[in-house]
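> Next comes the sequence, and after it the predicted model I'd like to discuss.
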Amino acid sequence: MEKIHIPVMLKEVCENWILSPDGWYIDCTFGCGGHSKELLKNLSEKAHLVGIDIDPKVIPFGEKLMKEDCRFQFLNNNYTFIRNYWINNKLPLVDGILFDLGLSTLQLKDEFRSFSYNSPSSNLEMRFGVEGKNVYEILNNYSDRKLNKLFKKYGEIKQAEKLVKKIIDFRKKSPIIEINQLKEIVEKSGLLNARKNKNTMKLIFQALRIECNNELNCFKEALEQASKLLKINGKLLIISFQSLEDEIILNWKKKNSVYIKIPEMGEIIPPNFLLKFNSPLLPSRAEIERNWSSRSAKLWVFTKNK
């Protein structure tokens, strides 16, 4: 159970997450608890850590850590819930917040959900929690226009029309209910090259998963909430894995991490947040060799300036 998932960039996260050993911290993507457990090792007895995760499959991990460490509290909810929780419980401003936007090994190997194209599951189920749309509804009920927009926006599939046509043709004869049917449709679309371009298949599954869980909009909202919960000098850490996540972070950075010049007044207004190192940290070669899933990770470290 302990080794079911290897947390990405664990050392770098803990080195940059802590402002005060006595502070309040939030792990917005608790997962199997790897980052949270490591953080608690470096905090004092006065510290508090709240872990939140929408996935009900990780509840046993959260409950186990709560029993082991009274400084930890687990919430099985969407991370867009965190600001309301903080306000309703009148909790103090936070020293550090972490978002790890990657899928866990637990999710990728889930026998009942198909987050990956090589999932052991035959079910077309990609919801993290109990809410959200299911893949059946998307593939069988969305219009061709809506499907085309979905695969282009969230999967960055340039020739999405080919895929959508095959989906429409298939569902006229039979509903799409299994992962193998979806794979068959993708193969017949001609989007895969002679070598079976797995990246295209991966992006198609990514697009469906994002749509099911409203992932990007939820992250945008949670990012805004997190920036308001942090105290001055508080740390905001984000581990991203793909370009759509990076785009959201960079757009947020443009609004919150730039100096504003006012020539008429001869003033320069400092930014709300500063990006440490001026660019995201990347995993070491040794980590990538040890944990191949970390290869596309980027760790963004922001400090609240005002």
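That came in fine, so what should we check first? Numbering: from 1, shown residues only.

> On the strand side of things, show who Leu75 bridges to.
Per DSSP bridges, the residues bridged to Leu75 are Ile52.

> just checking, it touches Ile52?
Yes. With contacts counted by CB atoms under 8 Å, Leu75 reaches Ile52, the gap being 4.4 Å. In this view, the C-beta of every residue, glycine as well, is placed from N, C-alpha and C.

> Compare the two (neighbour count), which wins?
Shown here are Leu75 and Ile52; by other CB atoms under 10 Å, Ile52 has more neighbours (22 against 18).

> contacting residues for the more buried one?
26-30, 74-79, 81-82 (CB atoms under 8 Å, 6 or more residues apart in numbering).

> list residues touching both of Leu75 and Ile52?
In contact with both Leu75 and Ile52: Phe81, Ile82, using CB under 8 Å, 6+ apart.

> re the thing from before, name the nearest of the contacts of Ile52 relative to Leu282.
Distance to Leu282 across the contacts of Ile52 (CB to CB) is lowest for Thr29, with 19.3 Å.

> Check what contacts stretch 13-22 and list those residues.
Residues from elsewhere that reach stretch 13-22, judged by CB under 8 Å, 6+ apart: 7, 25, 35, 38-39, 42-44, 46-47, 95-96, 98, 231, 233-235, 237, 239, 276, 299, 301.

> Buried residues, it. List them.
Of the residues in stretch 13-22, Val13, Cys14, Asn16, Trp17, Ile18, Leu19, Ser20 count as buried by neighbour count, 16 or more other CB atoms under 10 Å.

> cool, and stretch 235-244?
Lys235, Leu236, Leu237, Ile238, Ile239, Ser240, Phe241, Gln242, Leu244.

> Am I right that the third one is in a strand?
By that I understand Leu237. Yes. Under DSSP: H, G, I helix; E, B strand; the rest coil, Leu237 sits within a strand.

> gap between the spatially most central residue of the chain and Met126?
The centre of the chain sits closest to Leu101, judged by CA atoms, centre = their mean, with a distance of 2.1 Å. Counting by CB to CB, to the nearest Å, the separation of Leu101 from Met126 is 15 Å.

> From Glu111, how far off is Glu215?
From Glu215 to Glu111 the distance is 22 Å (CB to CB).

> likewise Phe74?
As for Phe74, its distance to Glu111 is 24 Å (criterion: CB to CB).

> neighbour count winner among those two?
Taking other CB under 10 Å, Phe74 and Glu111 do not tie; Phe74 has more neighbours (22 against 10).

> and that one, what pLDDT?
Per-residue confidence (pLDDT) for Phe74: 98.

> count of neighbours near Ile260?
9.

> Give the helix, strand or coil label for Leu274.
strand.

> Would you map the helices across this protein?
For the chain, helices defined by DSSP state H occupy the ranges 10-17, 34-41, 59-68, 82-88, 105-108, 135-141, 144-154, 160-173, 179-189, 198-213, 215-229, 243-256, 285-290.

> worst average pLDDT in those helices?
If you rank these by mean pLDDT, helix 105-108 sits at the bottom with a mean of 86.

> Let me see the contact set for Ile138.
Listed by CB under 8 Å, 6+ apart, the contact partners of Ile138 are Leu147, Leu150, Leu208, Glu211, Cys212.

> Roughly how far does it sit from Phe219?
20 Å.

> now swap in Ile204 and tell me
Distance from Ile204 to Phe219, by CB to CB: 20 Å.

> go on, Ile179?
In this view, Ile179 and Phe219 are 25 Å apart by CB to CB.

> who wins for proximity to Asn272 among the helices of the chain?
The nearest among these, by CB to CB, is helix 243-256 at 4.5 Å.

> Which other helices and strands does the closest one contact?
Helix 243-256 sits against helix 215-229, strand 230-240, strand 273-275, strand 298-304, with contacts defined as 3 or more CB pairs under 8 Å, 6 or more residues apart in numbering; DSSP states H and E.

> again, 10 Å this time
The contact analysis (3 or more CB pairs under 10 Å, 6 or more residues apart in numbering; DSSP states H and E) places helix 243-256 against helix 198-213, helix 215-229, strand 230-240, strand 273-275, strand 298-304.

> Could you dump the ones you listed into a markdown table and include distance to Ile168?
Shown next, in a markdown table, are the helices and strands packed on helix 243-256 (distance: least, CB to CB, whole Å):
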| stretch | distance to Ile168 |
| --- | --- |
| helix 198-213 | 15 |
| helix 215-229 | 25 |
| strand 230-240 | 33 |
| strand 273-275 | 44 |
| strand 298-304 | 37 |
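
> for the ones you listed, which one sits closest to Lys172?
That would be helix 198-213 among the helices and strands packed on helix 243-256, by CB to CB, at 19.8 Å.

> Flag every buried residue along that closest one.
For helix 198-213, a neighbour-count test (16+ other CB under 10 Å) marks 200-201, 203-213 as buried.
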